Every structure is written in structure tokens, then in C-alpha cells.
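Colleague: missing the sequence, but the structure's below:
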């Protein structure tokens, strides 16, 4: 179960691919028979193991089985998509390990207690891979003048003008595609071909009928970083399929570009990321940058108030540091015990909030008791929102594409924040000296 939890919640997000995918199947087959056995009135290890293997084979080898499993997982864990993949059947020998573990562990009166303790963790582990699916363009079909892009977890898209305009289709985007293709040649021009690059947001082209290939389009690093951040990881859903259509004046290529939606090469040879026509683009998650901005703003606030404090300066610095770190922990975590976060994460978040509240109150008392200078306090109060803005806003611009490079946003934030801090330091230095 620990392997399943770590693999599906962490490893799959960071290193999606063959190894993490198969590891999930193996670990799931070890856990699933014990859970399935709970449905029987009496302990039936052999029946549960055999039934698990039969169901797994049905789901992974047939589109019908995968579709039924998708609907069942949706009822259990929200919108989900289970894919038929015969190569996953290589994990079936893991059932032997499940049988061995089951026969050697649960014995006697301790069985019920172990089930009560372990079952919630096991259910969480088995359902981890059934998290809600984001819309994913996975196949392209060309039918005369019509191009259809099939999409998982959302309506498909169709175009009758070579990919210039798009409209939603009423066809089932999750239905199996008879001949899904990842490569295609221009009708009437067999020497010019295109193919998607497995495991990348990229398309290659060939001018000699597929003998040699070269790059035609690839998502640049900053756009890739934005897409990855916007979807909390791509989980292997990169460029997935394409179709080629002859058009007056040349040809067009339409790519089912995974989580990025639709990609089109027009007759002039220009590639254009269409994305999801008519859909609102989800906001990019800037929580890490926001939290850093809040931390630095808090440091500016308490630093200004405590500058040249006449009494208790060291005590004030200690509580100010605890307050700033507490605020950072509180904003970085989740205060809800039902959020799905680990218990220690929720506890650390609440501890940070408590430290921020207590530390802030102590700092306020010490500021009055230590006779804080009004000018310095004003510099801290005014400088704090300015620091937040200079740190955070460049990344808001980066999320919208300006600046295009992340390093440019970092440079801009450092320079602007440095100017605010320098100006604040000059104002404090010119303030009335200690008396």
C-alpha cells in the first residue's frame, strides 16, 4: 500500500512513464484481492484473487471493460478514465504475491482489527489513480472536409474549414477510435509526412516518406512550464495523435495535443496552438510565488516597525522571525482536516497559524513597550504591500506570457524588490537617531 500511495501521489506526478505506470498496476493487484475479499460473507482468498485477475484482464484487454470500469470509478472517486492497455497484463503475476501475503498475515482474532485499521488506507491507495481527469485531446479523425478531435472528459471538437474555426461535437469523445494514428502523410504527396513525438509536446516531419525525420514544432520551455503548472503536472498526456488534410493552397496538420488541446499547422506552414476553443483557460497556480511574496512583505512590515527599537530589540527580532515563518507555514499548507493532506501537514499549518497570531500580538506589545519610532513604523506599513506587489506581480505577468521567460520574471522581481528595500533603508537611516 505504501508503494501504491507513494507511486500514485508522488512518483507519477514527477516521473510519468512506463515504470511508474506498471508499478502502479503491480501494487494495485497486490492490494485489490484483500479489499475484494471483504465483499464475501466468509473469508474467500482464492475466489477474491481469481476474480481480481479476471476483472483486471477484462478491463485491460477490452474497450467495453475499460468503459464500464470508468463509470464505476467515477461513482467511487469522481470523474475518472480507465484505459484499456493489454501491456498492463504483464503485472498479473503480482496476484501470486497477493495470495502469499494474504495467507501469511491475517490470522485469528486480530484479522478484524487489522482490517479496520488498514482498510481506509487501502481504499485510498487503490483509488489514487482514479483522480478526476482533465480534458485531454487524444485522437484526430479526418473525414473529407471535416476534422474531428476526440477528447477525454469533455466534448470533442470539429472543424470544416481546415482548423480555422472549431465547434463542439455531440459525439462521445471517450469512444474507442478504430484507427487512431500518431503519424500521417499529405494526401497526394506521400513524401511529406508528420508524426507526434512520444513523451514530448513535439511534432516531427519527413520529406522522404518517413525514412528520416526532423523537428517541425516543439513547445518551448516556458510555455511547457506554464502548461505543467496550470495542470499540476502533465502525467504523460503529451502530443498524442494527428491528422493531415489536403486544402486549397497546401495542407493542414491537426494535432491532438494532450492537455494543451488542439495544435494546427495551416497551409502557410505556421503552427498555431488553438488550445480549447470556447473554453476558459484555467488560472495558473502561483501559490509558491504568492507565499514567498507574503513572507517578504511580513519581513518588511515587522522589520520596519522594529528598526531602531529602543528596548527589547533582540526579543522583538525573535518573535518577529517566528511570526513571519508562521505566516509562511499557514499560507503554504491547508487548514482543513478534510482536504486530503497528510495529518502532519495539517498540524504544521495550524502550528504556523498559532505562531503567527501569538508572535504578532507579542510584537505589537513589544513595539509599544520598546517605543518604536513612528517614521520607521510607517516605512514598514507602507513598504510591506509594495514588497508584495514587486515580488508577486512579475510572476502574474509571466503566467499571462509577459515576460515570456521565468528567469526574466525572477530578475524583475529581485530588482524591483531591491529598489523598495533600498529606498526603505534610506528613509529609516534618515529618521531621527536614537536618543
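Modeller: The structure has been received and is ready for your questions. Source: prediction; values computed, not measured. Residues are numbered from 1 along each chain as shown.
Colleague: buried ones in stretch 271-279?
Modeller: Across stretch 271-279, burial judged by 16 or more other C-beta atoms under 10 Å covers 273, 274, 275, 276. Just so you know, the C-beta spots here come from the backbone N, C-alpha and C atoms, and that holds for glycine as well.
Colleague: tell me which helix or strand the second one sits in.
Modeller: By that I understand residue 274. Following DSSP states H and E, one finds residue 274 within strand 271-275.
Colleague: if we can go back for a sec, out of the buried residues of stretch 271-279, the closest to residue 65 would be?
Modeller: Comparing the buried residues of stretch 271-279 against residue 65 with C-beta to C-beta places residue 276 closest, at 29.4 Å.
Colleague: quickly list what residue 246 is bridged to.
Modeller: residue 251 (DSSP bridges).
Colleague: which ones are touching it?
Modeller: Residue 246 sits next to 186, 187, 188 when contact means C-beta atoms under 8 Å, 6 or more residues apart in numbering.
Colleague: now a ChimeraX select for only the buried ones of those residues.
Modeller: To isolate the buried members of these in ChimeraX, using 16+ other C-beta under 10 Å:
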select :186
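Colleague: can you lay out the buried residues of stretch 271-279 as JSON lines showing distance to residue 31 and pLDDT?
Modeller: Formatted as JSON lines, the buried residues of stretch 271-279 follow (distance: C-beta to C-beta, whole Å; pLDDT from 0 to 100):
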{"residue": "273", "distance to residue 31": "40", "pLDDT": "94"}
{"residue": "274", "distance to residue 31": "41", "pLDDT": "94"}
{"residue": "275", "distance to residue 31": "38", "pLDDT": "92"}
{"residue": "276", "distance to residue 31": "36", "pLDDT": "91"}
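Colleague: from the contacts of residue 246, which land in strands?
Modeller: Of the contacts of residue 246, the ones assigned to strands by DSSP state E are residue 186.
Colleague: minimum pLDDT in the contacts of residue 246, which residue is that?
Modeller: When these are compared by pLDDT, residue 188 scores lowest at 89.
Colleague: can you tell me, leaving aside adjacent residues, what's nearest to that residue?
Modeller: Residue nearest to residue 188 in three dimensions, not counting chain neighbours: residue 246, with 6.2 Å by C-beta to C-beta, 6 or more residues apart in numbering.
Colleague: likewise residue 257?
Modeller: residue 263 (4.3 Å).
Colleague: sheet partners, orientation included, of the helix or strand harbouring that neighbour?
Modeller: Element membership of residue 263 [criterion: DSSP H and E] is strand 262-265. Paired with strand 262-265 in the same sheet, following DSSP bridges, are strand 250-256 (antiparallel), strand 271-275 (antiparallel).
Colleague: picking that back up, the residue nearest to residue 257 contacts residue 276, doesn't it?
Modeller: No - at 11.7 Å, residue 263 does not count as touching residue 276 under the criterion of C-beta atoms under 8 Å.
Colleague: what do the two both touch?
Modeller: Shared contacts of residue 263 and residue 276 (C-beta under 8 Å, 6+ apart): none.
Colleague: quick one: the helices in the stretch 101-250 of the chain, in order.
Modeller: 110-126, 221-230 (DSSP state H, counting those that start in this stretch).
Colleague: correction: the stretch 301-435 of the chain
Modeller: Counting by DSSP H, counting those that start in this stretch, the stretch 301-435 of the chain has these helices, from start to end: 313-332, 343-369, 374-399, 406-430.
Colleague: cool, thanks, signing off.
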